[in-house]
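K.L.:
requesting a structural model of the entry that follows:
(one chain, ligands or ions: 2)
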Amino acid sequence: MLFRIVSTRLIQNAKFISRSFSSTTKLNAKVTVCGASGGIGQPLSLLLKLNSRISHLALYDIVHSPGIAADLSHISTKAMVTGHLGPDQLRAAIEGSDVVVIPAGVPRKPGMTRDDLFNTNATIVRDLADAVAQYSPKAIICIISNPVNSTVPIASEVFKKRGTYDPNRIFGVSTLDVELDVNQVNCPVVGGHSGVTIVPLISQCTPPVSFPQEDRDKLTKRIQNAGTEVVEAKAGAGSATLSMAFAGARFTDSMLQALAGEEGIVECAFVRSDETEAKYFSTPLLLGKNGLDKNLGLGKILDYELNLIKAAMPELKKNIQKGEDFILKG
Ligand SMILES: NC(=O)c1ccc[n+]([C@@H]2O[C@H](COP(=O)([O-])OP(=O)(O)OC[C@H]3O[C@@H](n4cnc5c(N)ncnc54)[C@H](O)[C@@H]3O)[C@@H](O)[C@H]2O)c1
Ligand SMILES: O=C(O)C[C@H](O)C(=O)O
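P.N.:
Residues are numbered from 1 along each chain as shown. Ligands and ions are numbered 1, 2, ... in the order given. You can find the predicted model right below:
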């Protein structure tokens, strides 16, 4: 059990690394990282600088971004790196972007829920999403900033206000919950991205695994608590950064592959959804040239997993409503 949790937070996927170093599908994408100077932003930007599908990497933050950009530009890979500091330079960072990744905002300290970050991060994500909606409305947005259950609805409402909303282009990155192991073990994790709203579908693991019910229950709770374990271990110094950077780089690479026309690219992410009674929900998604191509839905699940989804609904719906209200009534 420990193996699964440990490897969940340390995503190591040799296939991802090799495919992003030397892609066969050509794409000269501009990717913008908003929050590029942070604990996630810096290693994420480093990994993206190594991605041969990217020709322009734009780094935006309210601190230090020119320095981070100068540093990364000394790595001899294809992508040109530009640094953009503060709101006056946000437009230049975003204009012409194919993919905008957002890890901007504060992380948790021990004892906090992701929802406790709402007051600070809602405004940050609102303003960044508004810039994307104006200056690069066709870009794919990958939102890492918590609480993801609310920041994705916030971005969606901002785009609606600007008249540029396309639900197939706004993703909450829940990749960190999903990937399990170096040896290609994969388990879809559906629902949202906090506590009980994180629902691992252990019955759909590949290769298949089988557990007594008691162990299945323990493992499920441990996966739901995996982010909190890191927050506690970091003891006030933040939440997962390096594993999230890898997860974010992997999700971005999958998106770039799909945009370049590769077929069969599937990732779980938190998106506008009709799969359950929650308006936004994470499930396996087939990605395509325009972002979300087809929602692959929940598939066949156990009654135990169905009950987890039912238990997630009140909190998930509350988080979503809170995000929508922030824009609609704010
Ligand atoms: N989705 C996930 O699975 C997942 C995993 C880990 C962390 N997170 C979340 O990611 C976020 C970032 O975490 P971190 O550890 O990198 O935090 P951090 O504090 O190390 O970095 C955040 C960065 O955002 C920047 N920033 C703040 N306001 C900004 C603005 N208006 N515009 C642009 N940049 C701005 C800061 O200057 C800083 O560089 C947090 O909200 C955290 O909860 C999500
Ligand atoms: O736990 C956190 O606050 C950060 C992130 O959501 C995670 O799952 O690691």
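K.L.:
the residue nearest to Leu256 when sequence neighbours are not counted: neighbouring residues, count only.
P.N.:
With sequence-adjacent residues excluded and distances taken as CB to CB, 6 or more residues apart in numbering, Leu256 is closest to Arg53, at 4.3 Å. The C-beta positions use only the backbone N, C-alpha and C, and glycine is treated the same way. Residues within reach of Arg53, counting by other CB atoms under 10 Å, total 25.
K.L.:
pretty sure Arg53 contacts Met255?
P.N.:
No - in this structure, Arg53 is not within contact of Met255 by CB atoms under 8 Å, at 9.7 Å.
K.L.:
tell me how far the residue in the chain that ligand 1 sits nearest to lies from Ser145.
P.N.:
Proximity to ligand 1, evaluated over the chain using CB to the nearest ligand atom, is greatest for Gly38 at 2.0 Å. Applying CB to CB, to the nearest Å, the value for Gly38 to Ser145 is 10 Å.
K.L.:
quick one: list the elements packing against the strand or helix carrying Val266.
P.N.:
According to DSSP states H and E, Val266 maps onto strand 265-272. Here strand 265-272 touches helix 148-162, strand 170-172, helix 242-259, strand 280-288, going by 3 or more CB pairs under 8 Å, 6 or more residues apart in numbering; DSSP states H and E.
K.L.:
can you say which of the ones you listed is packed in most?
P.N.:
strand 170-172 (a mean of 29; mean count of other CB atoms under 10 Å).
K.L.:
can you give me the distance of the residue of the stretch 1-150 of the chain found nearest ligand 2 to Glu232?
P.N.:
Closest contact between the stretch 1-150 of the chain and ligand 2, by CB to the nearest ligand atom, is at Arg108 (3.9 Å). Plainly put, Arg108 is 10 Å away from Glu232 if you go by CB to CB.
K.L.:
neighbour count winner among these two?
P.N.:
Between Arg108 and Glu232, counting by other CB under 10 Å, Arg108 is the more crowded of the two (23 against 15).
K.L.:
quick revisit: which one of Gly38 and Ser145 is surrounded by more residues?
P.N.:
Neighbour tally, Gly38 and Ser145, criterion other CB under 10 Å: the higher count belongs to Ser145, 30 against 26.
K.L.:
related to what we said a few turns ago, touching ligand 2 at all, the strand holding Val266?
P.N.:
No - using CB under 6 Å from any ligand atom, we find that strand 265-272 stays clear of ligand 2, coming within 11.3 Å at best.
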